[in-house]
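> take a look and give me a structure for this.
(chains A and B)
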Amino acid sequence: MAEIQGGGGGGHKKGGGKVRVKKQSTKIDMTPMVDLAFLLLTFFILTTTFNKPKTMEVNMPDKVDDPSQQTKINQKDILNLVLGEDDKIFWWIGLEPPVSQTDYSSGGVRKLLLEQTTANPKMMVLIKPQDESRYENMVNILDEMDITDIKRYAIVEYSEDDKLIIAGQVGEGGTIEATEEGQ
Amino acid sequence: MAKVKVHRNPPSLDMTPMVDLAFLLVTFFMLTTTFAPQEPVVVDLPKSVSEIILPDKDRIIISIADDGRVFFDMDNQGARKTMLRYMGDKYGISFTPQQETAFSILQGFGVPVNTLPGFLDMDPDERNAIQQPGIPSDSVNNQLADWVVFARMSNPKVRIAVKGDRDTNYKVVARVINTLIDRKVLRFNLITGLEQEV
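Below is the predicted model:
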């Protein structure tokens, strides 16, 4: 590994009358420099962060207080997604129950979104996160919108009406079971 | 009889190419590395498939801890001082030049503006040691909104990024987002980590 200096060069016979010009070796011991270089290298490799944080761009609609300025949508074209606690998603179409439940797996909400948008390309997705849901739920849903290439979606407030719709369902059936989207 | 002389070569190895390579890599890493700024709070990012990279400058990062505390961070030291002056005018607090300098080199912070002068007088070590209460962002006392407004006044090019913890309650996130919407910030970024498996 490291270079061991051979003590100048030549000079086996001592004394022999002739004055030998001691040839200085041109080699220098690079070991400390290499040590330092690798130390720095290790330091920078370990401290550098290659994966810069990624971001999602979000465009929110401005708040419109005047009802005549608000866009009206046919209720048949609305897919409601309520993000509940414990990573549950409740969904229904328009204003009508039945409410179904699904999850964040690719066979769950993604399949649902793809099915619904192929069935009705005009479908507008309303995302209604409950206060109990987690931030990750919202990010996941926005991500699903990106994956399934849905352009028409909005994050709206979870209203009292939505609460009643879900509560009505829970009241009747005890618990909401995942219906068609089983696994 | 002639003695057989064993010519002992020192076990020498030409290290020049290795050193070249090592220094090349050192130079590369030195130039590319950006030290991760010290975060006021550890945030566990949610994952997404988005691959847009966060801009390096002119950005505000609003961090939300998992317990709902809100932190504010902006780059550009000059703009930070201007922002602090606006904020001081509004709340009737005057900051000394030392405090302004301390504020300009501060990373993210999460203290109400009335305790900010005391916070700025501390040593950096002391600041790290205390638990910051977060910036008030409720409807009664929405200092976050003021910070956002004054930050945009001092640096109009700034982009706003929200850095929420994955386990944050949505209620807090909604409050922050509504604050932004009320101040006509309709385009903002959500900072996420990259999802490995898709």
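> drop to CA atoms for contacts and neighbour counts, all remaining ones
Will do.
> pLDDT weak spots in chain B?
Along chain B, the parts satisfying pLDDT under 70 run over B:1-2, B:10, B:34-38, B:196-198.
> so where do the strands sit in it?
B:47-48, B:52-53, B:59-64, B:70-74, B:159-164, B:187-194 (DSSP state E).
> how about residues contacting whichever helix in chain B runs longest?
Assignment by DSSP state H gives helix B:16-32 as the longest helix of chain B. Applying Cα atoms under 8 Å, 6 or more residues apart in numbering or on different chains, the set of residues contacting helix B:16-32 from outside is A:34, A:37-38, A:40-41, A:44-45, A:48.
> gap between B:S137 and A:K163?
To A:K163, B:S137 is 26 Å away according to Cα to Cα, to the nearest Å.
> other SSEs contacting the top helix by length along chain A?
Counting residues, the longest helix in chain A under DSSP H turns out to be helix A:31-47. In this structure, helix A:31-47 packs against helix B:16-32, with contacts taken as 3 or more Cα pairs under 8 Å, 6 or more residues apart in numbering or on different chains; DSSP states H and E.
> starting at the chain centroid, how far to the helix it packs on?
With Cα atoms, centre = their mean, to the nearest Å as the basis, helix B:16-32 stands 29 Å off its chain's centre.
> do the same with stretch A:103-110
16 Å.
> that stretch near chain B at all?
No: Stretch A:103-110 does not reach chain B (Cα under 8 Å from any Cα of the partner chain); its nearest approach is 9.3 Å.
> show me where chain B has helices.
B:16-32, B:77-91, B:97-105, B:116-121, B:124-129, B:143-154, B:170-182.
> the fifth one: which residues count as buried?
By neighbour count, and taking 16 or more other Cα atoms under 10 Å in any protein chain shown as the criterion, the buried residues in helix B:124-129 are B:R127.
> CA atoms only: put the longest helix of chain B into CSV for me.
Extracted in CSV, the C-alpha atoms of helix B:16-32 (Å, rounded to 0.1, in the frame of the first residue of the first chain):
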residue,chain,number,x,y,z
THR,B,16,-0.6,9.1,-8.8
PRO,B,17,-3.7,7.9,-10.7
MET,B,18,-5.4,7.0,-7.5
VAL,B,19,-4.7,10.4,-6.0
ASP,B,20,-5.9,12.0,-9.2
LEU,B,21,-9.1,10.2,-9.0
ALA,B,22,-9.5,10.9,-5.3
PHE,B,23,-9.0,14.6,-5.7
LEU,B,24,-11.3,14.6,-8.7
LEU,B,25,-14.0,13.1,-6.6
VAL,B,26,-13.3,15.4,-3.7
THR,B,27,-13.6,18.4,-6.0
PHE,B,28,-16.8,17.1,-7.5
PHE,B,29,-18.4,16.5,-4.1
MET,B,30,-17.2,19.8,-2.7
LEU,B,31,-18.7,21.7,-5.6
THR,B,32,-22.0,19.8,-5.8
